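**Q** Sequence and predicted structure below; questions after.
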Amino acid sequence: AQDGGVCGRLSYLSSLGDTCSRIAPSKGVGQPGHAAGFKFQKDAQSGSYQQQFFWKIYDERVSVADWTLALTENLWGQHGSHKHEHSGRSANTQWHKTVPTSLSLDDGQRRWEKGRLAAMVAIQASYWHDVDASLWMQHALSYDPYSIEVWEYFRTRIQQGKTDETQALQLWSRFKQAMVTDAPTPFHALAEHFFFTVVDSRTCDRDMLAWQVSEVDALFAVWQSSPFDVDAAKAVFMLKQMECAIVLDGMKGIQTHERYGRLLQGLLDETVGAETLNLEGPPYGGGIKGVLKVLDVYLEKETDKSKSLEAIEWVKERVRPGMMQWDLFGKSYFYWMQFDRVIEKPGSMIAWIAAAYTKLGEDNRLMQFQAWVHS
């Protein structure tokens, strides 16, 4: 830091010091506009390891790091064109948190190793014999219920449509039991990813929405006092609910809903969560973008053009063109109103409104809106 370094240098030097001198394996972590890190710290009394962050600003939900423990090189698409080079992949840092969680089990190291061996057999068998690897993957989970790559295998099968609805719900039930109810530490980012895959595999109807609401309430009953940004995480889960609710109940139904209506306004006002940037990352990329995604779903399904225009006008009333920003390391830190528009606020609703008018064929409204923005 004395030589001019900021978060990147500080986190790198901390990681280097932990790994080389404190026998605490560590890794660099990417967060929105920030660099941090984590280490695996050994507890002096229990002898088990725990993931501990340093120079952290934002939630684990928006924290990523290289994952270099792939079961095989080909598991993540690194085929012959890469000479089978094992280059890893970027993953949420909760992937890494599963490792000390597995090792903290009774006879944890043996179970972790046997789980990985079973998963490797499953993968190689599916390569050479064109068989379903699920049985061996189930064996892997019987040894190590926190094996994230095995859970990712099942999540991917759901995403690819290789499971029916009953199987998908059974897998979610097992995942929830292992990674939420029985887990000694929260894996909210991993649960969000798995759960959303199951939701997206189902048809939106009243029963599905009721199931979704019930499941989310159960998740946050477990997580309510957890040490992460619960409000931000819950907002993202509720955005996924709204994708279905707005199709069933329309824009008015969402606006007047006790929870959804308040959340919509809070996300647009950027008052949800301990940090607004905790809403970034998949699947929406931020709170405002999440609202716009919900409205995209609505406009795609709505056949009444007047109702579609009402939704666009609702967004238009909340647009604030004329933002000046200070950019540092590719991120915007401050915004303030100016009479002369210097640059649009990133993630603004201006481009969305223009695209929505274009899709509806409202050329005159589009030109009027663009003239207003640039005036």
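**A** That came in fine, so what should we check first?
**Q** which secondary element of the protein has the worst mean pLDDT?
**A** strand 331-337 (a mean of 46; mean pLDDT, DSSP states H and E).
**Q** wait, what's in contact with residue 71?
**A** Residue 71 makes contacts with 116, 119-120, 123, 149, as judged by CB atoms under 8 Å, 6 or more residues apart in numbering. (C-beta placed from N, C-alpha, C; glycine too.)
**Q** repeat that with 10 Å
**A** Counting by CB atoms under 10 Å, 6 or more residues apart in numbering, residue 71 touches 115-117, 119-120, 122-124, 140, 147, 149-150, 153.
**Q** try residue 253
**A** Residue 253 makes contacts with 245-247, 260-261, as judged by CB under 10 Å, 6+ apart.
**Q** Mean confidence (pLDDT) on stretch 366-375, please.
**A** The pLDDT scores in stretch 366-375 average 85.
**Q** For it, buried residues please.
**A** 366, 369, 373 (16 or more other CB atoms under 10 Å).
**Q** Repeat that for stretch 35-47.
**A** Neighbour counts over stretch 35-47 (16+ other CB under 10 Å) mark 35-41 as buried.
**Q** now could you export just the CA positions of that stretch as PDB?
**A** Extracted in PDB, the C-alpha atoms of stretch 35-47 (Å, rounded to 0.1, in the frame of the first residue of the first chain):
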ATOM      1  CA  ALA A  35     -10.300  -7.500  -4.900                       C
ATOM      2  CA  ALA A  36     -10.300  -9.500  -1.700                       C
ATOM      3  CA  GLY A  37      -9.200 -13.000  -0.700                       C
ATOM      4  CA  PHE A  38      -9.900 -15.900   1.600                       C
ATOM      5  CA  LYS A  39      -7.800 -18.400   3.400                       C
ATOM      6  CA  PHE A  40      -8.400 -21.900   5.000                       C
ATOM      7  CA  GLN A  41      -7.700 -21.200   8.600                       C
ATOM      8  CA  LYS A  42      -7.100 -24.200  10.900                       C
ATOM      9  CA  ASP A  43      -8.900 -24.100  14.300                       C
ATOM     10  CA  ALA A  44      -6.400 -24.600  17.100                       C
ATOM     11  CA  GLN A  45      -8.900 -26.600  19.300                       C
ATOM     12  CA  SER A  46     -10.900 -28.700  16.800                       C
ATOM     13  CA  GLY A  47      -8.100 -29.000  14.200                       C
END
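**Q** How about the contacts made by the residue most central in space within the chain?
**A** Using CA atoms, centre = their mean, the residue of the chain that lies closest to the mean C-alpha position is residue 282, 4.1 Å off. Residue 282 sits next to 61-62, 92, 189, 192-193, 196, 236 when contact means CB under 10 Å, 6+ apart.
**Q** if I've got this straight, it is in a strand?
**A** No: the assignment for residue 282, made by DSSP: H, G, I helix; E, B strand; the rest coil, is coil rather than a strand.
**Q** Now find how far off-centre the biggest helix by length in the chain is within its chain.
**A** Longest helix in the chain, counting residues (DSSP state H): helix 230-256. Here the centre of helix 230-256 is set off from its chain's centre by 17 Å, with CA atoms, centre = their mean, to the nearest Å.
**Q** what comes up buried for that helix?
**A** Neighbour-count burial for helix 230-256, counted by 16+ other CB under 10 Å, picks out 230, 232-247, 249-251, 254.
**Q** Same check on stretch 44-62?
**A** In stretch 44-62, counting by 16+ other CB under 10 Å, buried: 48-51, 53-62.
**Q** could I get these as CSV with pLDDT and distance to residue 303?
**A** Below are those laid out as CSV (pLDDT from 0 to 100; distance: CB to CB, whole Å):
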residue, pLDDT, distance to residue 303
48, 77, 58
49, 80, 56
50, 85, 54
51, 87, 49
53, 86, 49
54, 85, 53
55, 85, 51
56, 87, 47
57, 89, 45
58, 91, 41
59, 93, 39
60, 93, 41
61, 94, 36
62, 93, 37
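**Q** correct me, but residue 261 touches residue 246?
**A** No: assessed by CB atoms under 10 Å, residue 261 is found out of contact with residue 246, at 11.5 Å.
**Q** ranges for the strands of this protein?
**A** Secondary structure of the chain (DSSP state E): strands at 26-31, 34-42, 49-54, 64-67, 89-92, 323-328, 331-337.
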